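# model this:
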Amino acid sequence: MEPDIIHILEMIAAVIATIIAVWQNRQKSQVMTENEALVEDLNDAAVDYVNVVADRAQVVSFFDPQNDRVTEPPANIPGRSWKMSDGTKQWVICGHTPDEQSSLLNQITDAEKERKVQYIISVPGCYYEIEYGLLKGGGKGG
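Predicted coordinates for the structure are as follows:
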């Protein structure tokens, strides 16, 4: 073979090798970028999981009657689990004078603002024990 043809073939081989190297480098960069994004997503998921487990433990502690470490409802607990329903409020104020009804409703509102789960409301001659927005007990008398 002639030397010119050999040089041309060598140049073509070098160009092909360069193209292959550039293509492999781009593939590697793309995979590395995807892996970095995957690692970041996994880190975010791990942090979210730890937060969910901690929140769940706090909620369980809040509703556990044997555990008095958590006395305030955690922020992620919906109000319906410790607020009194309108039906229960109507039952509590039934049979009371308008002034007593207003006093009882104000006491309930104040307790709910403070996010209390256990409290007692009263008017002269009557009291009610409230727990988690439900009527737990009550009585009449002095």
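
# Break the protein into its domains for me.
1-77, 79-140 (automatic domain parsing).

# Just give me how far the last one sits from the chain centre.
Using Cα atoms, centre = their mean, to the nearest Å, the distance from the centre of domain 79-140 to the centre of the chain it belongs to is 29 Å.

# biggest helix in this structure, by residue count?
Across the chain, the longest stretch assigned as helix under DSSP state H is helix 3-63.

# tell me the average confidence for that helix?
Averaged across helix 3-63, pLDDT comes to 82.

# Any idea how far that helix is from the middle of the chain?
Taking mean C-alpha positions (Cα atoms, centre = their mean), helix 3-63 and its chain are 31 Å apart.

# packing partners for that helix?
The helices and strands touching helix 3-63, judged by 3 or more Cβ pairs under 8 Å, 6 or more residues apart in numbering; DSSP states H and E, number zero. (Each C-beta comes from the backbone N, C-alpha and C, glycine too.)

# ok, then the element right after it?
For helix 3-63, the following helix or strand on the C-terminal side (DSSP states H and E) is helix 86-93.

# contacts for that following helix?
Helix 86-93 has contacts (Cβ atoms under 8 Å, 6 or more residues apart in numbering) with 84, 100-101, 104-105, 108, 121, 128, 133-135.

# and if we set it to 10 Å?
Here helix 86-93 makes contact (Cβ atoms under 10 Å, 6 or more residues apart in numbering) with 83-85, 100-105, 107-109, 121, 123, 126, 128, 130, 133-135, 138.

# Give me the buried stretch members for it, please.
For helix 86-93, a neighbour-count test (16 or more other Cβ atoms under 10 Å) marks 88-89, 92-93 as buried.

# Can you name the next helix or strand after that helix?
By DSSP H and E, the next helix or strand past helix 86-93 is helix 98-113.

# Quick check: buried residues in that next one?
Buried-residue list, helix 98-113, by 16+ other Cβ under 10 Å: 100-101, 103-105, 107-108, 111-112.

# Leaving out sequence neighbours, find the closest residue to the spatially most central residue of the chain.
The chain has residue 76 as the residue nearest its centroid, 5.3 Å off, counting by Cα atoms, centre = their mean. Take residue 76 and drop its neighbours on the chain: the residue closest to it by Cβ to Cβ, 6 or more residues apart in numbering is residue 55, 5.4 Å away.

# Thank you, goodbye.
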